[in-house]
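Enquirer: coords please:
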Amino acid sequence: MIPVSPGCRQPLLAVPYGPRSAPAWQIAEAASGLCDLLWLIDERDTEIAFTARLLRKVGTVVNLGGLSPREAAQLVREHSPDGVVVLSEDDILPLALIAEELGLEYHTPQVARRLVDKLLQREAFRDWGMPSPLCWEIPIDRDPAAIEALAAKVEFPVVLKPRTGSGSSYTTLVAGPADLVRAVADLPPQAGGVTGMCIEQYLPSVEKGWNEHFDSYVSVESLVAGGHVSHLAVTGRFPMAEPFRETGFFVPSDLPQAELAGVLGVATAALQALGVMTGGCHTEIKLTPDGPRVIEVNGRLGGGVSEMLSQAGGVSLVQLSMRVALGEPLVVENLIPCSRVGWLFEFQPPTTARRVVSIEGLDRLAELTGVQTVFVNRSPGDSVDWREGGGHFIYSVAGVCENYDGLLEINAFLHEEVSIAYE
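Expert: Below is the predicted model:
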């Protein structure tokens, strides 16, 4: 990390801030006493433009809206930042292009593209020799004849998903050739964005022998400094809502010690295969009958994980990622010890729901010991669409408890006491 001498300025860290970023207060708190903040925003977004007034109280704001990467880099260069850090999926590639122009340590554009593009990721894994499900690109024009030809050579079931993006939007399981043709035809024009869609072989779940209440996949939170990978936490999951929407996370996971080494080894191999040399990463791994397999790697910390780990282990992942971004050769030998269990639940609507009619019982959440925050994401009258992915959850609850038994009790309470009606 760049040293700070008495009377000298603190190092300056460039942080993109957008709709999917970590909360501004959390970023500012992590930076306190460590660095000054240079917020990179797009004021064409009215919500971000409004938030800019708050951001200016805890840093310097630079509006990059509408600028090319080269133009953005020229504007950022005027402030001479000492490092860059990304906390949102949308900012990974744009910041890589800016960092390259400025000569700052970050993912190269090639690595950034692998981190955001699931098809390129699978290719990198296979080139590295990692076991990985086969993956195919959906023709960008979605021509039915081309889809039928593709379906004829695919081993089903497969998962249809966007090549880029997060939150499992437009992600669904496809059982056979006719289903694939139909599923692609039903996609709205915006699904997949400019990079389009892909399909990949479905990874079956291992039969868990240790806790039937939790899902058979986890995520590994890692920091890479100078090419050295440090794994900091493993996050467990509750079973997904159909088709692939997140419902609940907790730190630390319930993964047995016998499974842990294999999972961490796969996470290390995945980061090496992608060429990651610096920064925070979130690697989703499924436990299958053939061993742990990578679902995907995200080139940023997992959403909500820093808050959960702070509650469970007293450590800020955001601050650790900032220290790496400022050049500290951080090495953490073991997972961060946790004395409690941090958790986050997101309640998803059924796939048949189109609109929220009523929500009752949220006031009862105050009875739960350990509840830290409650956030209502969809209010009565709001539309919902499962195809948009996990982002259309109705409400979320985050907090901390003493153990996994307490976690299950909280989950049961939430399902029993909160009632949501839909149309």
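Enquirer: Run through the helices of the stretch 51-200 of the chain in chain order.
Expert: Taking DSSP state H, counting those that start in this stretch to define them, one finds helices in the stretch 51-200 of the chain at 69-77, 92-102, 109-116, 118-128, 144-151, 177-185.
Enquirer: need the ones you listed in JSON lines with mean pLDDT, can you?
Expert: Output for these, formatted as JSON lines (pLDDT from 0 to 100):
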{"stretch": "helix 69-77", "mean pLDDT": "96"}
{"stretch": "helix 92-102", "mean pLDDT": "95"}
{"stretch": "helix 109-116", "mean pLDDT": "97"}
{"stretch": "helix 118-128", "mean pLDDT": "96"}
{"stretch": "helix 144-151", "mean pLDDT": "96"}
{"stretch": "helix 177-185", "mean pLDDT": "96"}
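Enquirer: right, and these - which one's nearest Tyr202?
Expert: helix 177-185 (12.3 Å; CB to CB). C-beta here means a position set from N, CA and C on the backbone, and glycine is covered the same way.
Enquirer: Between the helices of the stretch 51-200 of the chain, which one is closest to His392.
Expert: Evaluated with CB to CB, the helices of the stretch 51-200 of the chain place helix 177-185 nearest to His392, the distance being 19.0 Å.
Enquirer: export that closest one as PDB, just CAs?
Expert: Extracted in PDB, the C-alpha atoms of helix 177-185 (Å, rounded to 0.1, in the frame of the first residue of the first chain):
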ATOM      1  CA  PRO A 177     -34.300 -29.900 -28.700                       C
ATOM      2  CA  ALA A 178     -37.900 -28.700 -29.100                       C
ATOM      3  CA  ASP A 179     -37.700 -26.900 -25.800                       C
ATOM      4  CA  LEU A 180     -34.600 -25.100 -26.800                       C
ATOM      5  CA  VAL A 181     -36.200 -23.900 -30.100                       C
ATOM      6  CA  ARG A 182     -39.200 -22.700 -28.100                       C
ATOM      7  CA  ALA A 183     -37.200 -21.100 -25.300                       C
ATOM      8  CA  VAL A 184     -35.100 -19.100 -27.700                       C
ATOM      9  CA  ALA A 185     -38.100 -18.000 -29.700                       C
END
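Enquirer: Run through the neighbouring helices and strands of it.
Expert: In terms of contacts (3 or more CB pairs under 8 Å, 6 or more residues apart in numbering; DSSP states H and E), helix 177-185 is packed against helix 144-151, strand 158-162, strand 172-174.
Enquirer: now these in JSON lines, with distance to Asp290 and mean neighbour count?
Expert: Output for those, formatted as JSON lines (distance: least, CB to CB, whole Å; neighbours: other CB atoms under 10 Å):
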{"stretch": "helix 144-151", "distance to Asp290": "24", "mean neighbour count": "15"}
{"stretch": "strand 158-162", "distance to Asp290": "17", "mean neighbour count": "24"}
{"stretch": "strand 172-174", "distance to Asp290": "19", "mean neighbour count": "19"}
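Enquirer: The helices of the stretch 51-200 of the chain: which one's closest to Leu344?
Expert: Nearest of the helices of the stretch 51-200 of the chain (CB to CB): helix 92-102, 22.4 Å.
Enquirer: CA atoms only: put stretch 353-362 into CSV for me.
Expert: What follows is stretch 353-362, C-alpha atoms only, in CSV (Å, rounded to 0.1, in the frame of the first residue of the first chain):
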residue,chain,number,x,y,z
ALA,A,353,-46.8,-14.0,-10.6
ARG,A,354,-47.2,-10.9,-12.6
ARG,A,355,-47.9,-8.2,-9.9
VAL,A,356,-47.7,-7.8,-6.2
VAL,A,357,-51.1,-7.4,-4.6
SER,A,358,-50.2,-7.3,-0.9
ILE,A,359,-47.5,-7.9,1.7
GLU,A,360,-48.4,-8.6,5.3
GLY,A,361,-46.2,-9.4,8.3
LEU,A,362,-43.1,-7.4,7.6
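Enquirer: What are the contacting residues of it?
Expert: Outside stretch 353-362, the residues that touch it by CB atoms under 8 Å, 6 or more residues apart in numbering are 349, 374, 376, 378-386, 394-395, 417-423.
Enquirer: mind listing what's buried in that stretch?
Expert: 353, 356, 359, 362 (16 or more other CB atoms under 10 Å).
Enquirer: so where do the strands sit in the stretch 251-400 of the chain?
Expert: Using DSSP state E, counting those that start in this stretch, the strands of the stretch 251-400 of the chain run over residues 279-288, 291-298, 341-347, 356-360, 371-376, 395-401.
Enquirer: relative to strand 341-347, how tilted is the fourth one?
Expert: It stands for strand 356-360. If you take axes from the mean of the first three to the mean of the last three CA atoms, to 10 degrees, strand 356-360 sits at 140 degrees to strand 341-347.
Enquirer: Domain boundaries for the protein, per the record?
Expert: Domain assignment for the chain, taken from automatic domain parsing, gives 12-106, 134-201, 204-339, 340-423.
Enquirer: Tabulate these (JSON lines), appending distance to Arg114.
Expert: Listed next are the domains of the chain as JSON lines, based on distance: least, CB to CB, whole Å:
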{"stretch": "domain 12-106", "distance to Arg114": "10"}
{"stretch": "domain 134-201", "distance to Arg114": "11"}
{"stretch": "domain 204-339", "distance to Arg114": "5"}
{"stretch": "domain 340-423", "distance to Arg114": "22"}
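Enquirer: so how far is Leu317 from Leu223?
Expert: Going from Leu223 to Leu317 by CB to CB, to the nearest Å gives 8 Å.
Enquirer: Spit out the contact partners of Leu64.
Expert: Applying CB under 8 Å, 6+ apart, we find Leu64 in contact with 40-42, 72, 75-76.
Enquirer: Would you format these as JSON lines with distance to Leu55 included?
Expert: JSON lines is the format used below for those (distance: CB to CB, whole Å):
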{"residue": "Leu40", "distance to Leu55": "10"}
{"residue": "Ile41", "distance to Leu55": "7"}
{"residue": "Asp42", "distance to Leu55": "12"}
{"residue": "Ala72", "distance to Leu55": "17"}
{"residue": "Leu75", "distance to Leu55": "16"}
{"residue": "Val76", "distance to Leu55": "15"}
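Enquirer: Show me the one in these that has more neighbours than the rest.
Expert: Among the contacts of Leu64, Leu40 has the most neighbours (other CB atoms under 10 Å), with 26 neighbours.
Enquirer: any chance of the strands of the stretch 251-400 of the chain in JSON lines, plus mean pLDDT and distance to Cys135?
Expert: Below are these laid out as JSON lines (pLDDT from 0 to 100; distance: least, CB to CB, whole Å):
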{"stretch": "strand 279-288", "mean pLDDT": "96", "distance to Cys135": "15"}
{"stretch": "strand 291-298", "mean pLDDT": "96", "distance to Cys135": "11"}
{"stretch": "strand 341-347", "mean pLDDT": "97", "distance to Cys135": "27"}
{"stretch": "strand 356-360", "mean pLDDT": "97", "distance to Cys135": "35"}
{"stretch": "strand 371-376", "mean pLDDT": "94", "distance to Cys135": "34"}
{"stretch": "strand 395-401", "mean pLDDT": "96", "distance to Cys135": "31"}
